[in-house]
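Participant: below are the sequence and a predicted model for it; my questions follow.
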Amino acid sequence: MRATSGYPVLVRNIEKSRMANLRTGASTPLRYNPRVRFFLCCLAFIGTANTSHAAPLDDPHAAINRALNFLYKTASDDAAFSHFGEDLLWAFYTISHTAADRLGFPDRRYKSELRKASAKFTAQDFLGFDPAHGPPSMEDPGRYDQWYGALIFAFFGDAYGVRLGAHYRDVLQWLPRLRPYEGHDEDMEFDIFYAITHVIYTVDHYHERSVSGSLLPAELAFLRRKLDEAIDDENPEMVSEALDCLKATGFANDPQVQAGIKFLISTQRPDGSWAGDPDDLYTEYHSAWTGIDGLRDYHFHGQVKRLPVH
């Protein structure tokens, strides 16, 4: 996701969700679980209850608390929650799932509704291509963006038990076809960066497990280069996503990672965010979310030693 000024990637994710609704032909939103709001605010409070005392500005834990407090305030606003509640819920869930107790509210009726709706559409409808038969067109300049969008759709579909056009392994199998990563313009490198970070996120189940660095050498080399560039460009969200991916692949104590952590601590705003403004709330809370993930230590449950492909 693109950071600091003109961060269109944040909008891109929102547009993908909107396009998904258009593809399913939904004229009204699917039923939303009313208990979610209560869960989100309680979970946010867990992370922010002890933030009232002043904390050193150079302490990563204090920075995390400030960012959590920003997310809590955002989630407590009715207008913000009506627009971004599902994304905020996912932010708090992933943080709690890999750093604290597990919580959740299953909803069988909602899942049944999703299964019936998704069964009416094809991979082409959902993803714009059919991963069972091939990758996106290699001539398409938007192929990385299209591919990692499909990776996210398929991952969450499989994880939840609702097939969204294709299975995750069907999409991931085309990763080798997207290499090499050199020789592209800035816009293409932007898409490559987020394709790679979302490969790692989905392979490690969003920070649940570590990943053997030997599985993705080309991807990690690209991330390390982009991390240095992001620090130089003062791009906190790209720095954050590079950091959590490098931590997941065994580089938590690497000097480059430590330099990225220092950058985040030194550039955090007093309100806990790193980027955006009141007219760009998504960027504000997303910068807080990615900053938390870039700064925090992880409690991994095992290690992924091979990619889940056919």
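Facilitator: That came through fine.
Participant: next, the buried residues of stretch 110-121.
Facilitator: Residues of stretch 110-121 classed as buried by neighbour count (16 or more other C-beta atoms under 10 Å): 114, 118, 121. To be clear about C-beta, it is placed using only N, CA and C from the backbone, and glycine gets the same treatment.
Participant: wait, I meant stretch 259-272
Facilitator: The neighbour-count check on stretch 259-272 (16+ other C-beta under 10 Å) flags 260-261, 263-265, 267-269, 272 as buried.
Participant: try stretch 242-257
Facilitator: Residues 242-249, 251-252, 257 are the ones in stretch 242-257 that count as buried (16+ other C-beta under 10 Å).
Participant: what do you get for stretch 158-173?
Facilitator: For stretch 158-173, a neighbour-count test (16+ other C-beta under 10 Å) marks 158, 162-168, 170-173 as buried.
Participant: which two from the residues you listed end up farthest apart in space?
Facilitator: Val162 and Gln173 (20.6 Å; C-beta to C-beta).
Participant: circling back: mind putting the buried residues of stretch 242-257 into JSON lines with pLDDT?
Facilitator: Formatted as JSON lines, these follow (pLDDT from 0 to 100):
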{"residue": "Ala242", "pLDDT": "98"}
{"residue": "Leu243", "pLDDT": "98"}
{"residue": "Asp244", "pLDDT": "96"}
{"residue": "Cys245", "pLDDT": "98"}
{"residue": "Leu246", "pLDDT": "98"}
{"residue": "Lys247", "pLDDT": "97"}
{"residue": "Ala248", "pLDDT": "97"}
{"residue": "Thr249", "pLDDT": "98"}
{"residue": "Phe251", "pLDDT": "97"}
{"residue": "Ala252", "pLDDT": "95"}
{"residue": "Val257", "pLDDT": "98"}
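Participant: what's the farthest-apart pair in those residues?
Facilitator: Among the buried residues of stretch 242-257, the pair separated by the greatest distance (C-beta to C-beta) is Ala242 and Ala252, at 12.7 Å.
Participant: confidence score at the nearest residue to Gln268 once chain neighbours are set aside?
Facilitator: Closest residue in space to Gln268, ignoring its immediate chain neighbours: Ala63 at 5.3 Å, by C-beta to C-beta, 6 or more residues apart in numbering. Ala63 is assigned 88 on the pLDDT scale.
Participant: for the closest residue to Asp228 other than its chain neighbours, what are its contacts?
Facilitator: The spatial neighbour of Asp228 that comes closest, neighbours along the chain excluded (C-beta to C-beta, 6+ apart), is Gln256 at 7.1 Å. Taking C-beta atoms under 8 Å, 6 or more residues apart in numbering, we find Gln256 in contact with 224, 227-228, 246.
Participant: just to revisit the earlier point, how about the buried residues of stretch 110-121 in a markdown table, adding pLDDT?
Facilitator: Output for the buried residues of stretch 110-121, formatted as a markdown table (pLDDT from 0 to 100):
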| residue | pLDDT |
| --- | --- |
| Leu114 | 84 |
| Ser118 | 90 |
| Phe121 | 94 |
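Participant: mind listing which of these are in helices?
Facilitator: Counting by DSSP state H, the buried residues of stretch 110-121 place 114, 118 in helices.
Participant: between the buried residues of stretch 110-121, which is nearest His299?
Facilitator: After measuring the buried residues of stretch 110-121 against His299 - C-beta to C-beta - the closest member comes out as Leu114, at 30.3 Å.
Participant: what's the pLDDT at Thr51?
Facilitator: 41.
Participant: typo on my end, it should be Tyr110
Facilitator: Value for Tyr110, per-residue pLDDT: 77.
Participant: which intervals of this structure have sub-threshold pLDDT?
Facilitator: For the chain, the stretches with pLDDT under 70 are 1-58, 97-106, 310.
Participant: which parts of it are helices?
Facilitator: Listed in chain order, the helices of the chain (DSSP H) span 8-23, 35-48, 60-75, 78-99, 108-118, 123-127, 143-160, 168-172, 186-203, 217-232, 236-248, 255-267, 281-295.
Participant: which of the ones you listed sits closest to Ser210?
Facilitator: The nearest among the helices of the chain, by C-beta to C-beta, is helix 236-248 at 5.5 Å.
Participant: ok and the closest one relative to helix 78-99, angle-wise?
Facilitator: Relative orientation of helix 236-248 versus helix 78-99 (axes from the mean of the first three to the mean of the last three C-alpha atoms, to 10 degrees): 20 degrees.
Participant: kindly export helix 236-248 (C-alpha atoms) in CSV.
Facilitator: What follows is helix 236-248, C-alpha atoms only, in CSV (Å, rounded to 0.1, in the frame of the first residue of the first chain):
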residue,chain,number,x,y,z
PRO,A,236,6.2,5.1,7.1
GLU,A,237,3.7,2.6,5.8
MET,A,238,6.0,1.0,3.3
VAL,A,239,8.7,0.9,6.0
SER,A,240,6.2,-0.8,8.4
GLU,A,241,5.1,-3.5,6.0
ALA,A,242,8.7,-4.3,5.0
LEU,A,243,9.6,-4.6,8.7
ASP,A,244,6.9,-7.0,9.7
CYS,A,245,7.6,-9.2,6.7
LEU,A,246,11.4,-9.2,7.4
LYS,A,247,10.7,-10.0,11.1
ALA,A,248,8.5,-12.9,10.0
